[in-house]
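Student: predicted model and sequence follow; I will ask about them next.
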Amino acid sequence: MDRLSPVTRICKVGFTMENELHFIGIDVAKAKLDVDILRPDGRHRCKKFDNTLSGHEALVRWLRGHDVNRAHVCMESTSTYMEDAAAHLSDAGYTVSIINPRPQ
């Protein structure tokens, strides 16, 4: 016997990954970006990118290739190393938050 209500089953059938909000964490260093996508289904995808313009472009292509069209990106504030990547992701349409990793 199916314990899901009819409404739940309808929502489950209509589920599409491309319209769901993904969460992306980025560990920022001078030379590299270590990226982790948390998908709505709980799975992770991880990859490293150069912290350069070509690396930022490759990151956006990789995200689009995984149907990440809506996302909230959280990056640590590391000197000025995150600024170009944050701007590139924001220009690509992603919401970007920069956090201070040091507790106050």
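Tutor: Yes, it's here.
Student: which residues are in contact with the most centrally placed residue in the chain?
Tutor: In the chain, the centroid-proximal residue (C-alpha atoms, centre = their mean) is I24; its distance is 2.7 Å. When contacts are counted by C-beta atoms under 8 Å, 6 or more residues apart in numbering, I24 touches 35-38, 63, 68, 71-74, 94. Every C-beta, even on glycine, is put in place using the N, C-alpha and C of the backbone.
Student: kindly export the host helix or strand of it (C-alpha atoms) in PDB.
Tutor: In the assignment (DSSP states H and E), I24 maps to strand 21-28. C-alpha atoms of strand 21-28 as PDB (Å, rounded to 0.1, in the frame of the first residue of the first chain):
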ATOM      1  CA  LEU A  21      17.400  25.000  -6.300                       C
ATOM      2  CA  HIS A  22      20.900  23.500  -5.800                       C
ATOM      3  CA  PHE A  23      23.300  24.600  -3.200                       C
ATOM      4  CA  ILE A  24      27.000  25.000  -4.100                       C
ATOM      5  CA  GLY A  25      29.900  25.400  -1.700                       C
ATOM      6  CA  ILE A  26      33.200  26.700  -2.900                       C
ATOM      7  CA  ASP A  27      36.500  26.400  -1.000                       C
ATOM      8  CA  VAL A  28      38.500  29.300  -2.400                       C
END
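Student: all good on my end, thank you.
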